[in-house]
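Provided below are the primary sequence and the corresponding predicted coordinates.
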Amino acid sequence: MGNNKNGTLNDSASRVEAIKDLIFGENMKDYESRFIKLTEELEQTKTELNEKIALLSKESVDNVNMLMTSLSKEIDGNFTSLQRDLEKLSDKKVDKTSLGNLLINLGEKIKK
């Protein structure tokens, strides 16, 4: 008698699954297809974003390097100009006001 009861339960479960498949079958396939498509698009977007981040990072490093090179050249130029002006002053009596103004100008250029 126990076998008959299990058979009836299995039969009922099969019927429920068949009904569920009839009702939701097409929708489930559609949802699954959409889910797969969204997953693929998400992975593609993730890959594209990682590539863009890497490119932006490289560009940022390149820009910082160019800025440092430019700043270094500017400082070297200012230093050379200051040396020339100091040599001119050393030929004459050192004018403290002129020397002070030169140092102030150099300091302002470095701040920029």
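Perfect, I can see it now. Residues are numbered from 1 along each chain as shown.

please make it C-alpha for all contacts and neighbour counts, starting now.
Fine.

centre of the chain to stretch 38-55, how far?
12 Å (Cα atoms, centre = their mean, to the nearest Å).

er, stretch 54-74 actually
16 Å.

in it, what's buried?
Within stretch 54-74, not a single residue qualifies as buried, counting by 16 or more other Cα atoms under 10 Å.

center of this protein - which residue?
I53 (3.7 Å; Cα atoms, centre = their mean).

what's near enough to touch it?
The contact partners of I53, taken as Cα atoms under 8 Å, 6 or more residues apart in numbering, number zero.

and F79, how many neighbours?
Applying other Cα atoms under 10 Å, we find 13 other residues in the vicinity of F79.

I meant A18, not that one.
For A18, using other Cα under 10 Å, the count is 13.

then L99?
15.

same thing with the one 3 residues further on?
For L102, the tally of surrounding residues (other Cα under 10 Å) stands at 16.

where do the helices of the protein begin and end?
For the chain, the helices defined by DSSP state H cover 2-91, 96-111.

dump these into TSV; add mean pLDDT as well.
Shown next, in TSV, are the helices of the chain (pLDDT from 0 to 100):
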stretch	mean pLDDT
helix 2-91	85
helix 96-111	82
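
ok, N78 - contacts?
So N78 contacts L106 (Cα under 8 Å, 6+ apart).

10 Å - rerun?
S72, R84, N105, L106, G107, K109, I110 (Cα atoms under 10 Å, 6 or more residues apart in numbering).

and K58, by the same measure?
Residues in contact with K58 (Cα under 10 Å, 6+ apart) are K52, V64.

thinking again about what came up before, can you redo the contacts of N78 as a markdown table with distance to Y31?
As requested, these are exported to a markdown table (distance: Cα to Cα, whole Å):
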| residue | distance to Y31 |
| --- | --- |
| S72 | 60 |
| R84 | 78 |
| N105 | 70 |
| L106 | 69 |
| G107 | 67 |
| K109 | 65 |
| I110 | 63 |
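
appreciated, that's everything.
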